[in-house]
Structure formats: C-alpha cells, structure tokens
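Novice: No sequence on hand, only this structure:
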Ligand code: HEC
C-alpha cells in the first residue's frame, strides 16, 4: 500500500512542465504551435507539414519577407491561410506579435 502511494509521488515529481525545456515562452510557443509544420529551423520542413504535404511557407526565404508586410503575416497567423490553421484560438494578440518578431529574428535571412 505505502509503496504504491510513494510511487505515485515519485511519478508526480517526474512530471515536469514541458515549457521548462525552452529558455523562454516564445520559443516554447514556436516549438509547440509552429515547428510541426515550419520545422525547427523554419524551412517549412516540419514533420506534420511533410507528412500531410501541406507545403508550409519557408520562413528562411527572403521573398516571403520582402513580399509581405508584418500586418499581412500577422493576419495569416491570426486567421490562418489556406492550409495553415488560425491561431487566435490559442495565442493572444501579444503572443502572436512576439512569435512574428521571433521568427523574423531567427529565420529571416
Ligand atoms: C498545420 C501546419 C502549419 C502550422 C502548425 C503553422 N503553419 Fe504557418 N503556414 C502553413 C502553410 C501551409 C503556409 C502557406 C500558406 C499559403 O501561402 O498558402 C503557412 C504560411 C505561414 C506564413 C506566411 C504567411 C503569408 O501570409 O504568406 C507565416 C508567417 C507562418 N506560416 C507562420 C506560422 C507561425 C508563426 C506558426 C505558429 C503559430 C505557424 N505558421 C504554424 C502551415 C502551418
């Protein structure tokens, strides 16, 4: 009895918040919501994107950045675009803006 109970505590103690793996919230958000399609390096080669043949945008492609204003990109993140889902259900406006800054800083050539 006691052993089972103790085990439960040890198990609980091991459940760490996944966000602690990332240095800050925006990196966690990217990993959780975007990397599946756009890939860890932003090249649009994430697992889901490849598997479902969605052709996610290559965030390291300069034409993407030169052809779009921030406002348009934010619209796409908020409301979705073709095969990209809308994120206003999951992320606040501030968080969406942080993500845009983050992908710009990390992937824009
Ligand atoms: C289910 C796959 C999927 C996920 C998850 C996803 N995207 Fe996308 N994303 C796409 C696809 C597909 C496109 C290309 C849309 C098009 O131009 O037809 C795209 C395009 C974009 C673009 C270019 C938009 C434009 O206006 O041309 C940006 C910026 C972007 N994604 C950022 C993000 C961010 C930030 C996240 C995480 C919050 C994210 N994406 C999550 C699939 C995804």
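Specialist: Nice, I can see it. Remember, predicted model here, so these are calculated numbers, not experimental data.
Novice: Contact residues of this structure facing the ligand?
Specialist: 33-34, 36-38, 48-49, 54-57, 64, 68, 72-73, 76-77, 81-85, 87, 99, 103 (CB under 6 Å from any ligand atom). C-beta here means a position set from N, CA and C on the backbone, and glycine is covered the same way.
Novice: what pLDDT, on average, does stretch 25-38 get?
Specialist: Mean per-residue pLDDT for stretch 25-38: 94.
Novice: Tell me which residues are up against it.
Specialist: By CB atoms under 8 Å, 6 or more residues apart in numbering, the residues outside stretch 25-38 that reach it are 18-19, 21-22, 40, 44, 46-49, 54, 56-57, 59, 84, 87, 90-91, 95, 98-99, 101-103.
Novice: Neighbour count says what about these? Which are buried?
Specialist: Those of the contacts of stretch 25-38 that meet the buried threshold are 44, 46, 49, 56-57, 59, 84, 87, 91, 95, 98-99, 102-103, by 16 or more other CB atoms under 10 Å.
Novice: Mind checking which of the residues you listed are in helices?
Specialist: 49, 95, 98, 99, 102, 103 (DSSP state H).
Novice: right, and out of those residues, which lies closest to the ligand?
Specialist: Nearest to the ligand out of these is residue 99 (CB to the nearest ligand atom; 4.5 Å).
Novice: All good on my end, thank you.
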